[in-house]
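# what would the 3D arrangement of this be:
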Amino acid sequence: MDKNKFIRLSLISITLLSYFYIFNKPKNENQPPIIPIVEATMPLSSVGETDALIATPFAMALKGEEKIVVVENELIKVFLSTKGGGIKKVVLKKYKDNHDQELVLLDELSSTMGFSFPCGNAVIKTNLLHFHIEGPVTHYTLQGTEQTKIIFRLELTPSQYLEQSFEFLGNSYQINHSWKAVGMDAFLQKSNVSFFWNMDMKQVESDIKADMSKSTINYYSSSQTFNSLKENSTEIESKKIETPLKWVSLKQRFFSSAIIAGDAFSNGDMRLTPTSARENITKTAALTLALSEKNKEEGCGTFAFFFGPNEYKTLQKVTQGFEQNMSLGWIVVKWVNQGLIIPLFSFLEKCFSNYGLVIFFLVIIIKLLLAPLSYKSFVSMAKMKMVKPELDKIKEKYGNNLQKMQSEQITLYRELGINPLSGCVPILLQMPILLAMFHFFPNAISLRKASFLWAHDLSTYDSIIKLPFTIPVYGSHISLFTLLMVLSTILYSWSSNQNNPTEGPMKMLSYAMPVAFMVVLNSFPAGLSFYYFVSNIATFLQQTLIKKFLSEEGIKEKLDATKKKGKQNEKISFQSRVTTKTTNKKKK
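Model prediction:
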């Protein structure tokens, strides 16, 4: 391994390890678990709230018989309740939770939502009130383009009422929602109408740490700016947004629950609380979103709920910017994922039902696309190998004079037409793809519960041995795909060192870096480790083929010809300068 190859290896390794560290290191890891505070989750009712409501026209709505209406389509099953006149429970029909039971995204114990507004000295919260629904039908099943609308009404008088409606389609994760207050101007202070939502995010993945590290609140402003609270923080995160908000999403690793405003919310308060002390809960989210001035003045508003998977094409169809609920990395990395990886992966999904094969052919296609760059990089390394004996002579001759040694090396490179950094450029151009995979695989819902060989779920690590203790950073298990990836990397390093004998720190680095990757990637998805493993094997075979068909003698002849041509050009140039000077003297 020559100096330039050492630089390339070091650069790639440091970049990758730094990237993994930055994106996965939880903040304040040594902090004790945070116990959720009472403010984070709003209770369903309280004595104080009830007492205050008794003195309002809404007192009669505090009591009533709860009636449940179930609406299900091809994708979701939603339970609506007359208590609160809203959503009580949501089930995603195409997915299972970590216990292989139906995936309940939220229920009455984990979620409270509704509208709040002042009325006299009290604050009315619709989740405490009983609404009325017409008709005997309590279960609706929709398919295709079928749709239905459920209307809840709370009447004070025939001309004074609150109304909430929910419209469902047969093949959508979205629910259209409207709210209006009719004839209540005399006692309803519309200037302070807000939507509130408090939700305990349920653990639905087997790896709760990964689930927690990907749970957050995302929001999108009317100025088309996407932002979010910190995902991997172990502290309480809160934010007051003064700019209009188009939508807010309670995002978990693979699923999102969101509200989208027809007219942007004028401002919002949001709070995210880690709940490591509570079983089966990842984080607790609390939202208060002020309705737009238009909605307040008119006493009505239109919204939409989304309860579904963080699948890129599904999210794209919801509303502007909503696809950003699937984290795809920084700008360049995101472009690679959006423009190459996701379309290619989606195409391969249609060709193969086994996701191990999908990943395998993903590697093959990407390797073929990058083959010209890989070839150029290998040729550059071969040239550097050829010139190494002459570089060693220069080092031996001028080793004590660094400036002279570098000058002679540059002269040699110029004579041979070699750019010592040309091998780095192709590798650096491949880095966005390598980093794109690091973001794509942990967020690819297609891999969730997809088995391959011994891995029962490619979206999480493949544990073949459970350790009775925990190793810092590494974890308490052993991932076989990660081990295979490391062994394949060491094999490749060994093969390279056989062709380019290495000594000292360079040799140690070539073997130490794979071990560092093993520690970092042990808890990453098995799909990612399998991808890197197959990629290493493909790279090894690719370079073996290039060696077989690439003549080192041919490269040497080209270098000699370039060197000879360079000297001839230098001689011609010298003669030309002499002739020019002689001609100028004669003219004088």
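
# low pLDDT regions in this protein?
Scanning the chain for pLDDT under 70 picks out 1-56, 187-190, 276-278, 415-426, 496-507, 510, 550-588.

# show me the contacts for the residue positioned nearest the centre of it.
Geometric centre of the chain, nearest residue: S327, 2.6 Å, by Cα atoms, centre = their mean. By Cβ atoms under 8 Å, 6 or more residues apart in numbering, the contact set of S327 is 214, 439, 443. In short, each C-beta sits where N, CA and C put it, glycine included.

# make it 7 Å
Listed by Cβ atoms under 7 Å, 6 or more residues apart in numbering, the contact partners of S327 are 439, 443.

# show me where the stretch 1-150 of the chain has strands.
Counting by DSSP state E, counting those that start in this stretch, the stretch 1-150 of the chain has strands at residues 68-72, 76-81, 86-96, 102-106, 111-119, 122-125, 139-141, 147-157.

# in TSV, list these along with mean neighbour count and distance to K246.
Listed next are these as TSV, based on neighbours: other Cβ atoms under 10 Å; distance: least, Cβ to Cβ, whole Å:
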stretch	mean neighbour count	distance to K246
strand 68-72	17	26
strand 76-81	20	22
strand 86-96	18	20
strand 102-106	19	22
strand 111-119	21	18
strand 122-125	21	24
strand 139-141	13	29
strand 147-157	16	24
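
# just tell me which of the ones you listed ends up closest to S374.
strand 86-96 (38.9 Å; Cβ to Cβ).

# now do the closest one: which elements does it pack against?
strand 76-81, strand 102-106, strand 111-119, strand 300-309 (3 or more Cβ pairs under 7 Å, 6 or more residues apart in numbering; DSSP states H and E).

# contact partners of the longest one?
Same thing as strand 300-309. For strand 300-309, using Cβ under 7 Å, 6+ apart, the contacting residues are 75-76, 87, 90, 92, 105, 173-180, 254-263, 291, 295, 314, 318, 445.

# and the direction of it versus that of strand 86-96, what angle?
Here strand 300-309 runs at an angle of 20 degrees relative to strand 86-96 (axes from the mean of the first three to the mean of the last three Cα atoms, to 10 degrees).

# likewise for the third one?
For strand 111-119 against strand 86-96, the angle between stretch directions is 160 degrees (the same axes, to 10 degrees).

# right, and S529 touches L521 too?
Yes. Shown here, S529 and L521 form a contact pair, counting by Cβ atoms under 7 Å, at 5.9 Å.

# what touches both of those two?
Residues touching both S529 and L521 by Cβ under 7 Å, 6+ apart: T482.

# more neighbours, these two?
More crowded of S529 and L521, by other Cβ atoms under 10 Å: S529, with 27 against 23.

# okay, and that one sits in which element?
helix 526-549 (DSSP states H and E).

# and if you look at N295?
helix 293-298.

# and that helix, how far out from the chain's middle?
36 Å (Cα atoms, centre = their mean, to the nearest Å).

# ok, and what's touching it?
With Cβ under 7 Å, 6+ apart, helix 293-298 has contacts from 190-191, 193, 263, 266, 301.

# tell me the two of these that are most distant?
By the measure Cβ to Cβ, S191 and D263 form the most distant pair in these, at 15.5 Å.

# the two - which one has more neighbours?
Higher neighbour count among S191 and D263: D263, with 18 against 12, using other Cβ under 10 Å.

# so which strand or helix has the more buried one?
Assigned by DSSP H and E, D263 falls in strand 255-265.

# strand partners (parallel or antiparallel) of the helix or strand harbouring G268?
Element membership for G268 (DSSP H and E) is strand 267-274. If you go by DSSP bridges, strand 267-274 pairs up with strand 237-241 (antiparallel), strand 281-290 (antiparallel).

# CA atoms only for that strand - export them in CSV, please.
Extracted C-alpha coordinates of strand 267-274, given in CSV (Å, rounded to 0.1, in the frame of the first residue of the first chain):
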residue,chain,number,x,y,z
ASN,A,267,-48.4,29.4,15.1
GLY,A,268,-47.7,26.4,17.3
ASP,A,269,-46.2,25.0,20.4
MET,A,270,-44.6,21.6,20.4
ARG,A,271,-42.9,19.5,23.0
LEU,A,272,-41.1,16.1,22.8
THR,A,273,-40.3,14.1,25.9
PRO,A,274,-38.2,10.9,26.0
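
# picking up where we left off before, dump the helices and strands packed on strand 86-96 to TSV, plus distance to F226.
Output for the helices and strands packed on strand 86-96, formatted as TSV (distance: least, Cβ to Cβ, whole Å):
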stretch	distance to F226
strand 76-81	25
strand 102-106	22
strand 111-119	23
strand 300-309	15
